[in-house]
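Engineer: sequence unknown, structure follows:
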């Protein structure tokens, strides 16, 4: 496997056999994987990688590509692109921008700072009715029209093949149409064209991403003990929830995985937060949040489960990027930034362990395509398994619909 887990302070929950709800949830997961009942998995197996890569090549003719969308229509692709893009630089060609919000000032500054003549737009909305995404499209397209910039061959639409506002726009304007699988919800769409198109555009090998995802499924499907090993922490979280542990902290010590924590936050929240159930996900980033949240984690309420992600240490015999030789403090002499990072991460793990707090450490081999694909599939299955343990549907989001209805009502009536 391309990643492993180490558990701390979970020993009291180890057992030779699991309760009935665990075994039923496990059986359901494995049967659904075996029978290709999960569309986000069966759809992944049907991906036409040549077609996705071909669309990416079309987009590479542009200087900039704007991905319009929100939530699951954006977070998966943004997470994958983060593997290729240094957070300090924008060296990708073309430059990739994810327009997720509807803040007028931010979008205005973006389009004023790029050459719109050399810009393509990818509009993603599964339903074709997402107000935020439609608002983004109308604003940007109107600005282009004001500047007499043609939209011909510049707009690509990802939506379901059904009657909707976005599909009608696509047909009327003759934009490029890319079908969104109607059976895959946004938060599970990372292994579809929604996530793989921006990944391919950023230079990633999308075949390897999905290969990594499939390799994880193979491992848990073929070896029952492996399944139990990977999903034991979720069983513990479920037990701890009954004792008041209702917050789950995800903290990678890898900067390019910061967007991964936002992707996971949506995946977990929208899947499990139903019928007064669920734990609240909190995303953090090492080492930054050692200086903003760690005080609370170590000395605050004992209501959190911790998941730390880090890379395996690869120490070279003769490091050529030492911090310094004759400097103060002396503890940094003959050390690299990697040495400092691993010391900080291991110190955090040890401090949480010493406090007796529940913790798992997920160690990944690298941030390559196969590893990230495997890790994202792991979290998808873990989320579904957690939902089955408490008997909630991991694929719907009924409460959100109320906000959509109220938003439309306020826009229509102009009242608060």
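Structural biologist: Now that the structure is in, tell me what you want to look at. All values derive from a computational prediction rather than experimental measurement. Numbers count the residues shown, from 1 in each chain.
Engineer: relative to its centroid, which residue of the protein is most remote?
Structural biologist: residue 326 (42.2 Å; C-alpha atoms, centre = their mean).
Engineer: low-scoring pLDDT stretches of the stretch 301-416 of the chain, where are they?
Structural biologist: 315-320, 415-416 (pLDDT under 70).
Engineer: Next one: residue 164 from residue 192, what distance?
Structural biologist: 18 Å (C-beta to C-beta, to the nearest Å). Using the backbone N, CA and C atoms, a C-beta is placed for each residue, glycine as well.
Engineer: So these two - more neighbours on which side?
Structural biologist: residue 192 (26 against 18; other C-beta atoms under 10 Å).
Engineer: residues touching the more buried one, list them.
Structural biologist: 40, 43, 44, 47, 180, 181, 184 (C-beta atoms under 8 Å, 6 or more residues apart in numbering).
Engineer: Equivalent analysis for residue 124, please.
Structural biologist: Contacts of residue 124 (C-beta under 8 Å, 6+ apart): 67, 68, 69, 73, 74, 133, 157, 158, 159, 180, 194.
Engineer: What is the nearest of those to residue 143?
Structural biologist: Residue 143 lies nearest to residue 68 out of those, by C-beta to C-beta, at 13.0 Å.
Engineer: what sits against the closest one?
Structural biologist: 99, 121, 122, 123, 124, 133, 136, 137, 140.
Engineer: Tell me the confidence at it?
Structural biologist: Per-residue confidence for residue 68 comes out at a pLDDT of 98.
Engineer: Same question for residue 122.
Structural biologist: 98.
Engineer: The host helix or strand of it: how far from the chain's middle?
Structural biologist: Using DSSP states H and E, residue 122 maps to strand 119-124. Offset of strand 119-124 from its chain centre (C-alpha atoms, centre = their mean, to the nearest Å): 20 Å.
Engineer: same deal with stretch 7-14?
Structural biologist: 27 Å.
Engineer: for stretch 8-19, same thing?
Structural biologist: 29 Å.
Engineer: And for stretch 91-101?
Structural biologist: Worked out by C-alpha atoms, centre = their mean, stretch 91-101 lies 16 Å from the chain centre.
Engineer: residue ranges for the helices of the stretch 251-400 of the chain, please.
Structural biologist: 258-272, 294-299, 337-354, 369-389, 398-413 (DSSP state H, counting those that start in this stretch).
Engineer: nearest to residue 24, of these?
Structural biologist: helix 369-389 (7.5 Å).
Engineer: could you say what helices and strands that closest one packs with?
Structural biologist: The elements that helix 369-389 packs onto, with contact taken as 3 or more C-beta pairs under 8 Å, 6 or more residues apart in numbering; DSSP states H and E, are strand 3-8, helix 20-34, helix 75-84, helix 206-222, helix 224-241, helix 258-272, strand 359-364.
Engineer: in stretch 203-223, what's buried?
Structural biologist: Residues of stretch 203-223 classed as buried by neighbour count (16 or more other C-beta atoms under 10 Å): 204-207, 209-210, 212-217, 219-220.
Engineer: How is this protein divided into domains?
Structural biologist: According to automatic domain parsing, the chain is divided into the following domains: 3-33+209-389, 41-204.
Engineer: out of these, deepest packed?
Structural biologist: Burial of the domains of the chain is given as mean neighbour count (mean count of other C-beta atoms under 10 Å); domain 41-204 ranks first at a mean of 18.
Engineer: Which helix or strand lies directly C-terminal to the strand holding residue 122?
Structural biologist: helix 131-146.
Engineer: Now do that next one: which elements does it pack against?
Structural biologist: Helix 131-146 packs on strand 64-68, helix 104-112, strand 119-124, helix 165-173, helix 398-413, going by 3+ C-beta pairs under 8 Å, 6+ apart.
Engineer: 7 Å instead, please
Structural biologist: strand 64-68, helix 104-112, strand 119-124 (3 or more C-beta pairs under 7 Å, 6 or more residues apart in numbering; DSSP states H and E).
Engineer: will you turn the ones you listed into TSV that also has distance to residue 362?
Structural biologist: TSV is the format used below for the helices and strands packed on helix 131-146 (distance: least, C-beta to C-beta, whole Å):
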stretch	distance to residue 362
strand 64-68	28
helix 104-112	33
strand 119-124	29
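Engineer: tell me the contacts of the closest residue to residue 233 other than its chain neighbours?
Structural biologist: Setting aside the residues directly before and after it, residue 233 is nearest to residue 360 in space (C-beta to C-beta, 6 or more residues apart in numbering), at 4.8 Å. Residues near residue 360 by C-beta atoms under 7 Å, 6 or more residues apart in numbering: 5, 6, 7, 233, 307.
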